[in-house]
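Trainee: Below: sequence and its predicted model.
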Amino acid sequence: MAYFDAASTEPLHPAAKAAFLSTLDEAWADPARGYYDGRRARMLLDAARETVASVLGTRSDEVSFTTSGTQAVQLGMLGVLAGRRRVGAHVVVGAVEHSCVLHTADTHTALSEQRGIAAEITRTRVDRSGRVDVSAFGAALRADTALACVQSANHEVGTVQPIAELVTLCQSAGVPLLVDAAQSVGRMSLPDGWSVLTASAHKWGGPAGVGLLVVRKGTRYVSPLPYDEREARRVPGFVNVPAIVAAAVALGAVGTESADEDRRLSGLIDRVRTRVRETVPDVEVVGDPVERLPHIVTFSCLYVDGEALLTELDRAGFAVSSGSSCTSSTLTPSHVLEAMGVLSQGNIRVSLPRGVAEAEVDRFLALLPGLVAKLRAVVAHEPAPSVARDPFVVDALGKRCPIPVIELAKRILDVADGDLVTVLSDDEASRLDVPAWCEMTGHEFVREEVRERGSAFVVRRRP
């Protein structure tokens, strides 16, 4: 099996595995205790904290270990918001943030309402590559803004965010900036000036169950949880010293290896971006082609069901992921793809782990065109309904992605330039895919009309 899903979790680094196993025998005791075994565990915990701080360029007493990156985000956001309650309850986030950031912002709103406080969340727009609009972000900062959040790089498409520019804006406005660096720690350095940083060890080759919460000195922070003396009173509970040591060892190891390996992975990703466009018709490669993480590429194949394509790739021996609505239990498009205004159909994210063989990437590129063609042929040969049809209306009610857009693509060939075609659909993905299809093919998306059942999407044929 070729594992191409490192953005979800990187395989455990060999050095991390060795460190974890050896530390199991040395650091099983409570590091808060003063006897010998406790002191030894504390020494290893402090050494791990020093290693992480050295890599990140922070003070060791600013670093706390959590049970996950998600917990780090939750504690970081809610802690700063609690510490700045007198300032206000307004939060600014990018529209493509990880769901844990958006969900925590929603929780903040709910908790504020319970206390009789009006909280507001501003989601700032991004461009078609997924890059945060700096001017819109700056304009959203207000006197009552308690916190701003941005990811260092997008988890679905790999686009690197303009952190330095956002740091400057937040410093000028006196607003602390939380950076979700889950995808970039161990792969790229960050400009200084942020207030809170969060990350997750399994993204850089450490074990699952270890996250990072870094709160810079001078940042007002009040734990949103009941008092506990551990981890600078930011994270309650007994720490997993062996896992933390393994995470720190992995971070130190990838820090020394990353430059050459990231250049190699970036070259392989460039190859994927180029070859997919050349060999697969009607494909959109999304994300910034230059300002991106070295190991991630995402593309969307028109007229293909995302779940079916993932299944075919799995059968062929490739583990990949998707942001497509067709692979979501909620049957709604990825909020990242939606904010970018790009296709969700047949959406595939390839994220290469360190050490991946070049031959596996070439095998993927050789097989992909045939798999996509096979799936498109299945849809193309489905029998057409025998009932009479209106040449200007596509009735796709009750049909899931990608059928509404497939039927639109067929029907628009039957009308004259300038004519309008209306697509009737109750699939949430159509709200994203019909406008994105128009953008991709040069036709004009006129409007969406919300109806009792679903919506009517009006498209004008262009030459």
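Mentor: Good, I have the coordinates.
Trainee: okay, and the helix or strand of this protein with the least pLDDT?
Mentor: Here the helix or strand of the chain ranked lowest by mean pLDDT, DSSP states H and E is helix 231-234, holding a mean of 88.
Trainee: Pull that one out as CSV, backbone CA atoms only.
Mentor: Taking C-alpha atoms only, helix 231-234 is exported to CSV below (Å, rounded to 0.1, in the frame of the first residue of the first chain):
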residue,chain,number,x,y,z
GLU,A,231,1.5,22.3,32.5
ALA,A,232,1.7,25.9,33.7
ARG,A,233,-2.0,25.6,34.8
ARG,A,234,-3.0,25.5,31.2
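Trainee: Distance from the chain centre to that helix, please.
Mentor: 27 Å (Cα atoms, centre = their mean, to the nearest Å).
Trainee: After that helix, which helix or strand is next?
Mentor: Next helix or strand after helix 231-234 toward the C-terminus (DSSP states H and E): helix 241-279.
Trainee: Report the distance from stretch 58-65 to the chain centre.
Mentor: Worked out by Cα atoms, centre = their mean, stretch 58-65 lies 25 Å from the chain centre.
Trainee: sorry, back to before: would you mark the buried spots in the least confident helix or strand of the chain?
Mentor: Glu231, Arg234 (16 or more other Cβ atoms under 10 Å). (Glycine included, C-beta is placed from N, CA and C.)
Trainee: likewise stretch 215-229?
Mentor: For stretch 215-229, by 16+ other Cβ under 10 Å, it's Val215, Arg216, Thr219, Arg220, Tyr221, Ser223, Pro224.
Trainee: Phi and psi next, for the last one.
Mentor: It refers to Pro224. Backbone torsions for Pro224, taken as degrees, to the nearest 10, come to phi -80, psi 0.
Trainee: Would you mind measuring from it to Val459?
Mentor: 48 Å (Cβ to Cβ, to the nearest Å).
Trainee: Domain boundaries for the protein, per the record?
Mentor: What automatic domain parsing lists as the domains of the chain is 9-254, 258-380, 393-460.
Trainee: any idea of the mean pLDDT in the shortest one?
Mentor: Taken as a whole, domain 393-460 has a mean pLDDT of 92.
Trainee: now swap in stretch 251-269 and tell me
Mentor: 92.
Trainee: Figure out which of the domains of the chain is closest to Met1.
Mentor: domain 258-380 (5.4 Å; Cβ to Cβ).
Trainee: can you give me how far that closest one is from the chain middle?
Mentor: 15 Å.
Trainee: same thing with stretch 141-161?
Mentor: For stretch 141-161, the distance to the chain centre is 12 Å (Cα atoms, centre = their mean).
Trainee: can you check stretch 96-104 too?
Mentor: The answer for stretch 96-104 is 9 Å, by Cα atoms, centre = their mean.
Trainee: What residues sit buried inside it?
Mentor: Val96, Glu97, His98, Cys100, Val101, Leu102, Thr104.
Trainee: Where does the prediction get shaky in this protein?
Mentor: 324-331, 380-389 (pLDDT under 70).
Trainee: residue ranges for the helices of it, please.
Mentor: 14-26, 36-56, 69-83, 99-114, 134-140, 163-173, 231-234, 241-279, 306-315, 335-340, 358-380, 403-411, 430-441 (DSSP state H).
Trainee: Including distance to Gly323, could those helices go into TSV?
Mentor: Below are the helices of the chain laid out as TSV (distance: least, Cβ to Cβ, whole Å):
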stretch	distance to Gly323
helix 14-26	28
helix 36-56	29
helix 69-83	18
helix 99-114	11
helix 134-140	23
helix 163-173	23
helix 231-234	32
helix 241-279	16
helix 306-315	8
helix 335-340	5
helix 358-380	17
helix 403-411	17
helix 430-441	11
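Trainee: which residues does the closest residue to Leu368 other than its chain neighbours contact?
Mentor: Taking Cβ to Cβ, 6 or more residues apart in numbering, and ignoring the residues beside it in sequence, Leu368 has Val280 as its nearest neighbour in space, at 6.4 Å. Taking Cβ atoms under 8 Å, 6 or more residues apart in numbering, we find Val280 in contact with Phe299, Cys301, Leu368, Pro369, Val372.
Trainee: What is the nearest of the residues you listed to Arg42?
Mentor: The nearest one, if we look at these relative to Arg42 and count by Cβ to Cβ, is Phe299, at 48.3 Å.
Trainee: give me every residue that touches the closest one.
Mentor: By Cβ under 8 Å, 6+ apart, the contact list for Phe299 reads Arg273, Val276, Val280, Val283, Glu284, Val285, Val286, Asn347, Ile348.
Trainee: at 10 Å instead, please
Mentor: The neighbours of Phe299, taking Cβ atoms under 10 Å, 6 or more residues apart in numbering as the test, are 157, 272-273, 276-277, 280, 283-287, 342-343, 346-350, 368.
Trainee: before we move on, what about Glu291?
Mentor: Glu291 neighbours (Cβ under 10 Å, 6+ apart): Ser129, Arg131, Ala153, Gly158, Thr159, Val160, Gln161, Pro162.
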